[in-house]
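>>> coordinates for the following, if possible.
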Amino acid sequence: MALAFGFDDIPHQAGRTVVITGASSGLGLIAAEQLASRGATVIMAVRDTDKGHRVRAALRGDLEVHHLDLADLDSVRRFSDALHDRGRGIDVLLNNAGITGRARELTPQGRESVFATNHLGHFALTGMLLDLFRPDHDPRIVTVSSNFYNRLRVRLRFDDLDAARSYSPNTAYARSKLANVLFGTELDRRLRYAGSPVRSFVTHPGMATTPIHDTPRGPAERLFVSITARLLARTAEQGSLPLLFAVSSPAAETGVFLCPGTRKSDVRVHLDAIMPPGDEPATAARLWSVSQELTGVRYLDDALLPGDQANRL
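Below is the predicted model:
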């Protein structure tokens, strides 16, 4: 199933408050601009606040810049505490920020940085902000993934999530994107069982011309990225459409991959089946449990049916 959707199809957003991670560039910046121009209050959660203030100055609407480093769980907690202290209700959390790997690096909490930034930080942030969602404003959580995990056919290595034994930048990125899919679908299942009005969507932009592709690691990769981009990459504006569809469209559905078509010229939003191993409930449940242990953030545990956890792990 595919639906036509463009910027002009974004519903009016007056009265909604949207938190966007990674909102100072790329897809996050486009989403911030589009939603703010339609009346939303946008909280730009960014690692570099100087850059955030510079780009915010060029935008129209109600936008706020807040510091958030997803690689540092202390920063995630400070961000959450600031919103709670101000009594901020929110309606949408767009888990958009992401990094690619270079050399293996560790976070302040000792976790591998790509997995920690792309998955663990968003897992913790979602849990910390969940009580701020307003039930009567179409509350949504949108997690940005990539079908790269399926192309590389990776699986999570629960015995080596920090890639201490073997590290590959592409594999680290693909595994973090698989974790995003598993998290987004498991979050939706738990929210539904808990009777929450909040819905969880999973999306990917396809290959788009964003800053995440600007730092390839050598001549061979620069050539590969250049050729691939010419053949496959959409504009960042086109890449943002599945995200904005998930954030705003009444036609958005959970439990599917909201994504562009395989052809570069196809800019419709497709509602595709989630491919293995992103569709494995037992793997998703195990990742949820491990993520709680690694972040110290626990939520929606009561959403497990009696005996469900034991059966799925």
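>>> where does the prediction get shaky in the stretch 201-313 of the chain?
Counting by pLDDT under 70, the ranges of the stretch 201-313 of the chain that qualify are 207-233, 303-313.
>>> repeat that for 80
Scanning the stretch 201-313 of the chain with the threshold set as pLDDT under 80 gives 207-234, 262, 264-265, 303-313.
>>> next SSE after the longest helix seen in the chain?
Longest helix in the chain, counting residues (DSSP state H): helix 169-193. Next along the chain after helix 169-193, taking DSSP states H and E as the criterion, comes strand 199-203.
>>> chain center to that next one: distance?
Between the centre of strand 199-203 and the centre of its chain there are 9 Å (C-alpha atoms, centre = their mean, to the nearest Å).
>>> what's it packed up against?
Using 3 or more C-beta pairs under 8 Å, 6 or more residues apart in numbering; DSSP states H and E as the contact test, the elements touching strand 199-203 are strand 140-144, helix 169-193, helix 236-248, strand 257-259. All C-beta atoms are positioned from the backbone trio N, CA, C, and that covers glycine.
>>> recalculate using a threshold of 6 Å.
With contacts defined as 3 or more C-beta pairs under 6 Å, 6 or more residues apart in numbering; DSSP states H and E, strand 199-203 has these neighbours: strand 140-144, helix 169-193, helix 236-248.
>>> what sits up against stretch 97-106?
Contacts to stretch 97-106, defined as C-beta atoms under 6 Å, 6 or more residues apart in numbering, come from residues 21, 22, 70, 113, 114, 117, 118, 167, 169, 172, 173, 212.
>>> in stretch 10-23, what counts as buried?
The neighbour-count check on stretch 10-23 (16 or more other C-beta atoms under 10 Å) flags 10, 13, 16, 17, 18, 19, 20, 21, 22, 23 as buried.
>>> excluding chain neighbours, what is closest to residue 47?
Among residues not flanking residue 47 along the chain, residue 69 sits closest, at 4.9 Å (C-beta to C-beta, 6 or more residues apart in numbering).
>>> these two touch, right, that neighbour and residue 76?
No: in this structure, residue 69 is not within contact of residue 76 by C-beta atoms under 6 Å, at 7.8 Å.
>>> so where is the stretch 51-200 of the chain shaky, pLDDT-wise?
Residues of the stretch 51-200 of the chain meeting the criterion pLDDT under 80: 101.
>>> where along it do the helices fall?
Counting by DSSP state H, counting those that start in this stretch, the stretch 51-200 of the chain has helices at residues 73-85, 113-115, 121-129, 148-152, 169-193.
>>> distance to residue 240 and mean neighbour count added to these, as TSV?
Formatted as TSV, these follow (distance: least, C-beta to C-beta, whole Å; neighbours: other C-beta atoms under 10 Å):
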stretch	distance to residue 240	mean neighbour count
helix 73-85	23	17
helix 113-115	22	24
helix 121-129	18	24
helix 148-152	18	18
helix 169-193	17	23
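>>> got a markdown table for the ones you listed, with distance to residue 106 too?
Below are the helices of the stretch 51-200 of the chain laid out as a markdown table (distance: least, C-beta to C-beta, whole Å):
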| stretch | distance to residue 106 |
| --- | --- |
| helix 73-85 | 13 |
| helix 113-115 | 6 |
| helix 121-129 | 14 |
| helix 148-152 | 22 |
| helix 169-193 | 12 |
